[in-house]
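*Asks:* how would this look folded up:
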Amino acid sequence: MNGFYLTDQGRVRNHNEDAGGVFKNDSGQILAVVADGMGGHRAGDVASQKAASHLHSKWQEAEKLRTPDESQSWLKLAIQAVNNEIISYANQNEDCHGMGTTVVAAICTEDFITIAHIGDSRCYYANAYGFKQLTEDHSLVNELVRSGQITEEQAEHHPRKNVLLKALGTEYDIKVDTKTLEFEPGDRLLLCTDGLTNKVSDEELSKLASFEGEWAEFCQEFVDLANDRGGEDNITLAVVHYDSTDEKRGAD
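*Replies:* Just a heads-up that it's a prediction; the model follows:
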């Protein structure tokens, strides 16, 4: 398995409140993380960096995860710990009052992937059968779409599109959404913030399924596209590819 991470400030913001990375532990398993911070005076970047660095640190200590239950438990506990850390830090630092962050994280093993998320940062999945979004935004407009009050087309231009219903750092008792799928050679995973998805359609992102070049080029292409269309927000994405050559190496 291999991965690539890229973040960009965009063309309008004066600093980057996104954070994340693609991290491999001693067992060779991968944790991909993307977080989009918000709130407080320059505190969004504090919240997102705390989320990314805490998960990275915990991942370096993690033993090999052998079952979906182990992976889901690990992610829920780790994200809950991050949540508590962000709240505690905000309570002790006045400049950080009101800060929070989205998070989407994926544990990638040779047999399965486990996804966890809070907020509107997303995870997409591509395999031999196609391309699909795995996460569901914890946002006001998505709830309005789910309840039939507005259409998906109306949601695209809704004035309260960026209002979140859940985020890390906003309350102690946070519910983390998780799911697990099979992961096979050739499969790909994309994690990203809304700085990308607000500017690039799912149809365009479906290129993930057929892309055969360098992942650095793939990520840069979509960052450039989002910037060309305004770049009003920070833009971040992480890709994990279960390279089919991994299986061949394992057989050697």
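*Asks:* Correct me if wrong: residue 189 contacts residue 131.
*Replies:* No - using C-beta atoms under 8 Å, residue 189 is not in contact with residue 131; the gap is 11.0 Å. Every residue, glycine included, has its C-beta placed from N, CA and C.
*Asks:* Which residues are in contact with each of these two?
*Replies:* Contact criterion C-beta atoms under 8 Å, 6 or more residues apart in numbering; residues shared by residue 189 and residue 131: 124-125.
*Asks:* Which of these two has more residues huddled nearby?
*Replies:* A count of neighbours by other C-beta atoms under 10 Å puts residue 189 above the other of residue 189 and residue 131, at 27 against 18.
*Asks:* Quick check: beta-bridge partners of the more buried one?
*Replies:* Beta-bridge pairing for residue 189 (DSSP bridges): residue 125, residue 240.
*Asks:* neighbours of the residue lying closest to residue 90 once chain neighbours are set aside, just the number please.
*Replies:* Of all residues not flanking residue 90 in the chain, residue 96 sits nearest, at 4.4 Å (C-beta to C-beta, 6 or more residues apart in numbering). By other C-beta under 10 Å, 22 other residues sit near residue 96.
*Asks:* Ok, residue 71 next?
*Replies:* Residues lying near residue 71 (other C-beta under 10 Å) number 25.
*Asks:* With residue 188 as the reference, measure out to it.
*Replies:* Residue 71 sits 19 Å away from residue 188, going by C-beta to C-beta, to the nearest Å.
*Asks:* Check residue 49 too.
*Replies:* Counting by C-beta to C-beta, the gap from residue 49 to residue 188 is 26 Å.
*Asks:* who has more neighbours, these two?
*Replies:* Comparing residue 49 with residue 188 by neighbour count (other C-beta under 10 Å), the higher total belongs to residue 188, at 22 against 18.
*Asks:* what sits against the more buried one?
*Replies:* 125-127, 208-209, 211, 239-242.
*Asks:* How about residue 218?
*Replies:* Per C-beta under 8 Å, 6+ apart, neighbours of residue 218: 4, 207-208, 211, 239.
*Asks:* from the residues you listed, which single one is nearest residue 229?
*Replies:* Residue 229 has its nearest neighbour among the contacts of residue 218 in residue 207, at 16.0 Å by C-beta to C-beta.
*Asks:* Report the separation between that closest one and residue 113.
*Replies:* 20 Å.
*Asks:* One more: residue 217?
*Replies:* 23 Å.
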